[in-house]
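Asks: Build me a structure from this.
(one chain, ligands or ions: 1)
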Amino acid sequence: MAHNVQHIPAAPLLRVDALNLEYHTHQRVIRATHNVGFEVFAADRFVLLGPSGCGKSSLLKAIGGFLPAVSGRIELEGQSVTQPGPDRLMVFQEFDQLPPWKTVLENVMFPLLASGKAHRAEAREHARYFLDKVGLSAFADAYPHTLSGGMKQRVAIARALAMQPKVLLMDEPFAALDALTRRKMQEELLALWEEVRFTLLFVTHSIEEALVVGSRILLLSPHPGRVRAEINSHQYGINDFGSSDFQQTAQRIHELLFSDPESGPATAPAETAKPRFKVVGK
Ligand SMILES: Nc1ncnc2c1ncn2[C@@H]1O[C@H](COP(=O)(O)OP(=O)(O)OP(=O)(O)O)[C@@H](O)[C@H]1O
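Replies: I've put the predicted structure just below:
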């Protein structure tokens, strides 16, 4: 007898709905995002892409629980996000994220111990495992000031992943690195993801980086950020940089980012084009 198997779509891990974020200064109110909504599923490499000032960092801060919403909702596994938590850890662009008085190993162990997530021996084992994953086993006893920028970022990534957050938040983590190191770090991040399959929310204003790092990309319009389009980009990897398909897609994204949504479909790519674009109107 044939069974009627029904496919039940997985629930999103993270849901952002009609999110409005603002900053209040003495002189004025600055709207950072306008009605932004998206869903992130487990093991997505979800990229927020948009021009400077469109509210990418603000979105990450809000999801991290550091910036309250003016209106709208953020839910992680169905629970409203209202404050920071170890289930959402952030890696920043700056190289000074690591306390300089702790060795590399101690830096990675620290959040595990401070949060009570692991005892000392367990934290050490866990930290060593993730240091190995980012290729820094040999530097466990080194101090941060003896490391290059790329190595410091690897430590910050290992430290965050060792905590096994539900979502890893990365705010332009490679932007301060030279071009070659940046490329290498992107490659390593993808290799790490292949192994660990963590859920990544990654902010960048580089179209190329978004295409390489992301499996899905949310395009945000200039200030205040609104959702302009969503793109499926899982087919691009580190070796696609120079290909004409990659370049064409990068060009289309550029047009979408900077086109006027009021001007109609002239710049909107075909719905069936590869990769899949879902253009969102005004
Ligand atoms: N602490 C703050 N006080 C006031 N306004 C702020 C503050 N932080 C950000 N903003 C404003 O909010 C808007 C969004 O800023 P945000 O840093 O989120 O953008 P972004 O897309 O991450 O930019 P970038 O790519 O340059 O980092 C901008 O207009 C910015 O000037």
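
Asks: Residue numbers of the protein in contact with the ligand?
Replies: Residues of the chain lying close to the ligand by Cβ under 6 Å from any ligand atom are 23, 25, 30, 32, 50, 52-58, 205, 223. Where you see a C-beta, it was placed from the backbone N, CA and C, and this is true even at glycine.

Asks: and with 8 Å instead?
Replies: Remark: the part of the chain in contact with the ligand comprises 21, 23-25, 30-33, 50-61, 171-172, 203, 205, 220, 223-225, using Cβ under 8 Å from any ligand atom.

Asks: which other residues reach stretch 43-50?
Replies: The list of residues contacting stretch 43-50 from outside it, by Cβ atoms under 8 Å, 6 or more residues apart in numbering, reads 13, 38, 40, 56, 59-60, 193, 197-205, 207, 210, 213-222, 225, 228, 233-234, 253, 257.

Asks: Which parts of the stretch 1-150 of the chain are strands?
Replies: 14-24, 29-40, 45-49, 71-76, 79-80, 88-91 (DSSP state E, counting those that start in this stretch).

Asks: Which helix or which strand is home to the residue nearest the centre of the chain?
Replies: When the chain is reduced to its mean C-alpha position, the closest residue under Cα atoms, centre = their mean turns out to be Phe202, at 1.6 Å. With the criterion set as DSSP states H and E, the secondary-structure element containing Phe202 is strand 200-204.

Asks: Check which helices and strands the helix or strand just after that strand is in contact with.
Replies: Toward the C-terminus, strand 200-204 is succeeded by helix 207-213 as the next helix or strand (DSSP H and E). Counting contacts by 3 or more Cβ pairs under 8 Å, 6 or more residues apart in numbering; DSSP states H and E, the secondary-structure elements packed against helix 207-213 are strand 45-49, helix 179-196, strand 200-204, helix 244-258.

Asks: In CSV, list the C-alpha atoms belonging to the helix or strand following helix 207-213.
Replies: With elements assigned by DSSP H and E, the helix or strand that comes after helix 207-213 is strand 216-220. Below are the C-alpha coordinates for strand 216-220, written out as CSV (Å, rounded to 0.1, in the frame of the first residue of the first chain):
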residue,chain,number,x,y,z
ARG,A,216,21.7,32.8,1.0
ILE,A,217,22.0,36.5,0.7
LEU,A,218,19.7,39.3,1.8
LEU,A,219,20.2,42.5,-0.1
LEU,A,220,19.5,45.7,1.8
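
Asks: Kindly provide the whole-number mean pLDDT of strand 216-220.
Replies: Strand 216-220 comes out with an average pLDDT of 96.

Asks: Other residues contacting it?
Replies: Counting by Cβ under 8 Å, 6+ apart, the neighbours of strand 216-220 from elsewhere in the structure are 33, 36, 38, 40, 44-50, 54-56, 210-211, 226-234, 253, 256-257.

Asks: quick one: it to strand 14-24, angle?
Replies: Taking axes from the mean of the first three to the mean of the last three Cα atoms, to 10 degrees, one finds strand 216-220 and strand 14-24 inclined to each other by 30 degrees.

Asks: Tell me who's in contact with the residue lying closest to Leu76 once chain neighbours are set aside.
Replies: Excluding its sequence neighbours, the residue lying closest to Leu76 (Cβ to Cβ, 6 or more residues apart in numbering) is Leu14, at 5.4 Å. The contact partners of Leu14, taken as Cβ under 8 Å, 6+ apart, are 39-40, 63, 74-76, 166-167, 199, 201.

Asks: For those, give me a markdown table that also has pLDDT.
Replies: Formatted as a markdown table, the entries for the contacts of Leu14 read as follows, by pLDDT from 0 to 100:
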| residue | pLDDT |
| --- | --- |
| Glu39 | 97 |
| Val40 | 97 |
| Ile63 | 98 |
| Ile74 | 98 |
| Glu75 | 97 |
| Leu76 | 97 |
| Lys166 | 97 |
| Val167 | 97 |
| Thr199 | 97 |
| Leu201 | 98 |
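
Asks: Just the buried residues of those residues.
Replies: Buried residues within these, counting neighbours by 16 or more other Cβ atoms under 10 Å: 39-40, 63, 74, 76, 166-167, 199, 201.

Asks: Looking at these, which is nearest the ligand?
Replies: For the buried ones among the contacts of Leu14, the residue nearest the ligand by Cβ to the nearest ligand atom is Ile63; the value is 11.9 Å.

Asks: what residues are up against the closest one?
Replies: Applying Cβ under 8 Å, 6+ apart, we find Ile63 in contact with 14, 16, 74, 81, 88, 167, 169, 201.

Asks: how about low-confidence regions in the chain?
Replies: By pLDDT under 70, the low-scoring segments of the chain are 1-6, 8-9, 261-277, 279-282.
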